[in-house]
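Engineer: Sequence plus the predicted model coming up.
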Amino acid sequence: MRLNARRAVFVFALVSLARVARAQGSLTPPPYGEFRVDAIDGRHPSVQAGAGLTVPMGIYVRLTATGGIGPEWRDSQTLVTGRTDVIARFLLDPFRQTPVALSMGGGVSVPYERGVRVRPLLTAVIDIEGRRRGRVTPAIQVGLGGGARLGIALRTSVRNRR
């Protein structure tokens, strides 16, 4: 029951953020999807695949909520773990004026492991976003949050905005 309430609050927050972003005018692009794979080297190494929604919060700031799931290797066992990240990034090139752009941000990561108490962790990230290919823009993300992390993301943002 608690998990359903958390999901409802999470979805309500994302929809509210999307409406706020849409009301800010034409300089702010619409929300877009993100698909990613992350390798996390924390207490126990893991690889997680995830998807999420990025909501522009103005010209320079993007708020992304992502959920991920994947294997974790602990004491010669493989366990299924997951996480939810909410990260705000500041973009240095929101209008795609250069082929490669840098963004930096931070937020909260909440890892989920069976039988382990859930506790949020602070997260800091640096992204390098590449050229748009078709309908997606590839990005590499490095950061800290539950351990060192390295991720590859595909973002579906509009043509002239990051």
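Structural biologist: Received, thanks. Residues are numbered from 1 along each chain as shown.
Engineer: and stretch 62-75, how far from the chain's centre?
Structural biologist: Computed by C-alpha atoms, centre = their mean, to the nearest Å, the chain-centroid distance of stretch 62-75 equals 10 Å.
Engineer: swap in stretch 45-61?
Structural biologist: 2 Å.
Engineer: buried ones in it?
Structural biologist: Within stretch 45-61, the residues that count as buried by 16 or more other C-beta atoms under 10 Å are 46, 48, 50, 52-57, 61. In short, each C-beta sits where N, CA and C put it, glycine included.
Engineer: could you redo those residues as CSV and give each row distance to G33, pLDDT and secondary structure?
Structural biologist: Below are these laid out as CSV (distance: C-beta to C-beta, whole Å; pLDDT from 0 to 100; DSSP: H, G, I helix; E, B strand; the rest coil):
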residue, distance to G33, pLDDT, secondary structure
S46, 23, 95, strand
Q48, 17, 97, strand
G50, 11, 97, strand
G52, 7, 97, strand
L53, 6, 97, strand
T54, 7, 96, strand
V55, 11, 96, strand
P56, 13, 95, strand
M57, 17, 94, coil
V61, 18, 96, strand
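Engineer: Can you tell me which of these comes closest to V86?
Structural biologist: Ranked by distance to V86 (C-beta to C-beta), these are led by G52 at 9.1 Å.
Engineer: Secondary structure element holding the closest residue to that closest one other than its chain neighbours?
Structural biologist: Closest residue to G52 in three dimensions, ignoring its sequence neighbours and counting by C-beta to C-beta, 6 or more residues apart in numbering: T66, at 3.1 Å. Assigned by DSSP states H and E, T66 belongs to strand 61-74.
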